[in-house]
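J.: How does the following fold in three dimensions:
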Amino acid sequence: MSFLYPSFLWALLALAIPIIIHLFNFRRYKTVYFTNVRFLKQVKEETTSRNKLKHLMVLLSRCLALAFLVFAFAQPFIPKDESKVVKGAKTVSVYVDNSFSMNALSDDVSLFEKAKYKAREIANAYGEADQFQVITNDFEGKHQRLLNKEDFLAYVDEIEISPNVQPMSAVLERQKQAIEGSEAPVNNTFLISDFQKNVVDFKNDTSLNIFFVPLQSVEQQNVFIDSIWFSSPVQMLNQPNKIMVRIRNTGNARVENSRLNLKINDQTKAFEEFSVNAMSSIEDTITYTITEAGWHRGELALTDYPITTDDSYFFTFKVEEKLKVLSINQARENGFLKALFKEESSFELENQNIGQLNYQTIAGNQLIILNELTAVPSGLANELKQFLQDGGSVMIFPGTDSDISSYNSFLKTCGANSYTSREDIEKKIDFINVKQEVFADVFEKMPKNIDLPIVKKSFPMTRYTATNEEVLLRLRDGNSFLSKYSIGGGKLYMCAAPMDNSITNVPSHAIFVPMMYKITLVAGRDRQLAYTIGQDDFVELENNNKKSESVFKLKGKEEEFIPGQRTLGSKLFLSLNNQLKNAGIYELFMDENNPLAYFGFNFDRKESILDYFNTDQLRQKYPEGNVKFLEAANKDLSMEVGEIDKGWVLWKWCIIGALAFLLLEILLLRFWR
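T.: Residues are numbered from 1 along each chain as shown. Okay, the predicted model is just below:
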């Protein structure tokens, strides 16, 4: 046994006081015997002996009461695991998990309320001179400073459930930063959570004293919409569009004949029934026809209980009335391209001569075609590079007499392969990449003896491995006829020959129409269908507003705020700064009567996966000595936490002992006659 304040043991010298008083209270009498009272001698001797015993027991009770009182001030303890007790103030960091999964019920209250209660118990185990940090998934600036005990308890009371989810590695890093700023000799970090497997990702830092406080809920069922996507990269007017949806069931029971509803612009468009096995997922398809161009606000919803925050999935998309294609020509228009796009009302082809090119019209197109240009001017090359970076697509058909060096200067800046000298040799195409998006659904089944096009003159391409080339069509000699490159957010297509029937029969071949249609369709700039609250803190969109002093606002059903905004070239970046608290559709505007764009925000699906580490699994995952576990079920943590730095604390027992001996003294004096 050891003492936290051994200097108080000097007070044991005070035990001499009751002993001295007791000794000085003895009185000496001279004994005189009278014959007529001799028979009382025996009775008197017996009474004196009993009084002496009583006085000795009273003295002993007083001494022990005083001794235990001194021990209480000296704070005796029995060290745990031979650990050394350090005196002085302590720094305590407490993480309270306030994610959606903490809404789950334990035996009596929600895990979230129990977590807050446990945080208070931890604080009550420490003194007023100690410093505290409270941290949640919100990662607020005010939670990154040290507090006194009173302020800490007030902050704990203010914590609310949040849509944000943070990995444990990020939480511990924040706790470490706060602790390192303290000069206290003892630093402890507490993690109060349900410890979902998809967030427990940190590697143990042995420089920290880490205490896990796991909370477990009763078993629950959860079915939720995991993600959605369109089967086609571009949504077309008056044509069937397919929405793909992934539904997950994390419960232990199969879900039968549940309903999935699709709303577009607040109107129900379709519904599907689905069934999903326990602990598995399915992919379903909903088909509907878009009849109007412009922005569309979508919501997919199912019904599930008790966890409802993931039952809806919000998304937005924009349908262009026509996909715009710009063909930049050297001398004449390409008749095949003109005839191709004229037949389809969903496309709009514009032809411009290189000598009269309006550079301002480039950005408004989905696809730019360089049609047999003699050379690529440096000004056009710069515009095309920016166009690619912003998400547009460029297709190159070189002319038979083109200055290949000017093309290669442009291609080099894009990180693509280069053209080599022209070869006037007839070659046949013998490979179609049906795994690539351009040809992915052109053939139901690839014929064995398909008649593929030929080319009489071509510009072979280099084959540098450092490029991200995807060969779409390949010639029999191994050279590429049509290649694709991803440049920034856009796509670059290089063809080895012009679309001229005297040079190649590709324009008159059956493969030409689907090839050009698909290249145009996938050329549309990819817009993000949906965003995740807490993860997607920046939103990027086209900036069509030229007023630098303009202020954009975001508005949902329950909240409106001004996001941070920054303009870079033709892009506008909105910074959300954790201002979003509710899932739903948000409208971007400057003038409330004229919305500029719509965005769908959803809660993080990490919280929907009800898969937790129990205490035994955590012990196996983190067996190191600096990681300890506090069983939190129905136990007051104050005593257990107090023993962390002091071992088994005995001062309370000393107080009880002092009171017990004082009571014994009172009983001796009152009832021993």
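J.: So the closest residue to P507 other than its chain neighbours: helix, strand or coil?
T.: Sequence neighbours aside, F336 is the residue nearest to P507 in space, at 4.0 Å (criterion: CB to CB, 6 or more residues apart in numbering). C-beta: built from backbone N, CA, C; applies to glycine. Three-state call for F336 (DSSP: H, G, I helix; E, B strand; the rest coil): helix.
J.: right, and F336 touches N505 too?
T.: No: the pair F336 / N505 is not scored as a contact, 11.0 Å apart, by CB atoms under 8 Å.
J.: all strands for the stretch 151-300 of the chain, in order.
T.: With strands called from DSSP state E, counting those that start in this stretch, the stretch 151-300 of the chain shows them at 186-193, 210-214, 223-230, 240-249, 255-264, 267-276, 280-289, 294-301.
J.: mind giving me the domain split of the protein?
T.: Per the record, the chain has its domains at 2-74, 90-219+611-649, 223-320, 323-521, 531-602, by automatic domain parsing.
J.: For stretch 225-237, give me every contacting residue.
T.: Around stretch 225-237, the neighbours that count as contacts under CB atoms under 8 Å, 6 or more residues apart in numbering are 241-248, 260, 281, 285, 290-293, 300-302, 310-313, 315, 317, 319-321, 323, 346, 437, 521-522, 524, 526, 529-530, 605, 608.
J.: List the buried residues of that stretch.
T.: 225-228, 232, 234-237 (16 or more other CB atoms under 10 Å).
J.: Tabulate those residues (CSV), appending pLDDT.
T.: Shown next, in CSV, are these (pLDDT from 0 to 100):
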residue, pLDDT
I225, 93
D226, 92
S227, 92
I228, 92
S232, 76
V234, 75
Q235, 79
M236, 77
L237, 78
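J.: Need these in a markdown table (columns: distance to Q620).
T.: Putting these into a markdown table (distance: CB to CB, whole Å) gives the following:
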| residue | distance to Q620 |
| --- | --- |
| I225 | 34 |
| D226 | 29 |
| S227 | 32 |
| I228 | 37 |
| S232 | 47 |
| V234 | 50 |
| Q235 | 49 |
| M236 | 54 |
| L237 | 57 |
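J.: Of those residues, which is the nearest to I21?
T.: D226 (81.7 Å; CB to CB).
J.: how far away is that closest one from Y313?
T.: 8 Å (CB to CB, to the nearest Å).
J.: And Q356, by the same measure?
T.: In terms of CB to CB, Q356 sits 48 Å off from Y313.
J.: the more surrounded of those two?
T.: Counted by other CB atoms under 10 Å, Q356 and Y313 do not tie: Y313 has more neighbours, with 26 against 6.
J.: which residues sit in contact with G294?
T.: 318-319.
J.: my guess is N148 contacts Y126, does it?
T.: No: assessed by CB under 8 Å, N148 is found out of contact with Y126, at 10.6 Å.
J.: Show me the common contact partners of these two, please.
T.: By CB under 8 Å, 6+ apart, the residues touching both N148 and Y126 are F132.
J.: Count the neighbours of F224 for me.
T.: 24.
J.: I should have written F314 there, sorry.
T.: 25.
J.: Run the chain-centre distance for the helix or strand hosting it.
T.: In the assignment (DSSP states H and E), F314 maps to strand 312-319. Distance, stretch centre to chain centre, for strand 312-319: 21 Å (CA atoms, centre = their mean, to the nearest Å).
J.: and if you look at stretch 575-588?
T.: 16 Å.
J.: what do you get for stretch 269-280?
T.: The answer for stretch 269-280 is 26 Å, by CA atoms, centre = their mean.
J.: Which residues does that stretch contact?
T.: 223, 247-263, 282, 284-288.
J.: do stretch 427-436 as well
T.: 439-440, 442-443, 446, 450, 452-455, 458, 470-477, 479, 481, 484, 506, 511.
J.: So which bits of it are buried?
T.: Those would be 427, 429, 432-433, for stretch 427-436 by 16+ other CB under 10 Å.
J.: Which one of those is nearest to E640?
T.: Nearest member of those to E640, counting by CB to CB, is N433, at 64.2 Å.
J.: burial measure for N249, as a count.
T.: N249 has 22 nearby residues by other CB under 10 Å.
J.: Need the per-residue pLDDT for the nearest residue to it once chain neighbours are set aside.
T.: Using CB to CB, 6+ apart and skipping residues adjacent in sequence, the residue nearest N249 is V276, 4.4 Å away. You'll see V276 listed with a pLDDT of 92.
J.: Return the set of residues that bridge with V276.
T.: V255 (DSSP bridges).
J.: Ok, the one 4 residues further on next?
T.: Note on S280: beta-bridge partners N249, judged by DSSP bridges.
J.: Buried ones only from the contacts of stretch 427-436, please, as a ChimeraX command.
T.: Listed next is the ChimeraX selection for buried residues among these, using 16+ other CB under 10 Å:
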select :439,442,452,453,454,455,458,470,471,472,473,474,475,479,481,484,506,511
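J.: Among the contacts of stretch 427-436, name the ones in strands.
T.: 454-455, 470-475, 481, 484 (DSSP state E).
J.: Tell me the one of those nearest L60?
T.: Closest to L60, out of all of the ones in strands among the contacts of stretch 427-436 and judged by CB to CB, is E470, at 95.2 Å.
J.: what pairs with that closest one across the strands?
T.: K484.
J.: I'd like to know how far it sits from G298.
T.: 31 Å.
J.: Need the max-distance pair from the ones in strands among the contacts of stretch 427-436.
T.: Farthest pair in those, by CB to CB: I454 and E470, 22.5 Å.
J.: sorry, back to before: what do F336 and N505 both touch?
T.: Counting by CB under 8 Å, 6+ apart, nothing touches both F336 and N505.
J.: Checking L492 next. Helix, strand or coil?
T.: Strictly by three-state DSSP, L492 counts as strand.
J.: With N329 as the reference, measure out to it.
T.: Separation of L492 from N329 (CB to CB) stands at 19 Å.
J.: got the CA positions of the helix or strand harbouring R670 in PDB?
T.: Element membership for R670, per DSSP H and E: helix 651-671. Once non-C-alpha atoms are left out, helix 651-671 reads as follows in PDB (Å, rounded to 0.1, in the frame of the first residue of the first chain):
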ATOM      1  CA  TRP A 651      -9.500   7.000   1.300                       C
ATOM      2  CA  LYS A 652     -13.200   6.500   1.300                       C
ATOM      3  CA  TRP A 653     -12.800   3.300   3.300                       C
ATOM      4  CA  CYS A 654     -10.600   5.300   5.800                       C
ATOM      5  CA  ILE A 655     -13.500   7.800   6.200                       C
ATOM      6  CA  ILE A 656     -15.900   5.000   6.800                       C
ATOM      7  CA  GLY A 657     -13.400   3.500   9.400                       C
ATOM      8  CA  ALA A 658     -13.100   6.800  11.200                       C
ATOM      9  CA  LEU A 659     -16.900   7.200  11.400                       C
ATOM     10  CA  ALA A 660     -17.200   3.600  12.600                       C
ATOM     11  CA  PHE A 661     -14.800   4.000  15.500                       C
ATOM     12  CA  LEU A 662     -16.400   7.300  16.500                       C
ATOM     13  CA  LEU A 663     -19.700   5.500  16.600                       C
ATOM     14  CA  LEU A 664     -18.100   2.700  18.600                       C
ATOM     15  CA  GLU A 665     -16.900   5.300  21.100                       C
ATOM     16  CA  ILE A 666     -20.400   6.800  21.500                       C
ATOM     17  CA  LEU A 667     -21.900   3.400  22.000                       C
ATOM     18  CA  LEU A 668     -19.300   2.500  24.700                       C
ATOM     19  CA  LEU A 669     -19.900   5.700  26.600                       C
ATOM     20  CA  ARG A 670     -23.700   5.500  26.400                       C
ATOM     21  CA  PHE A 671     -24.400   1.900  27.000                       C
END
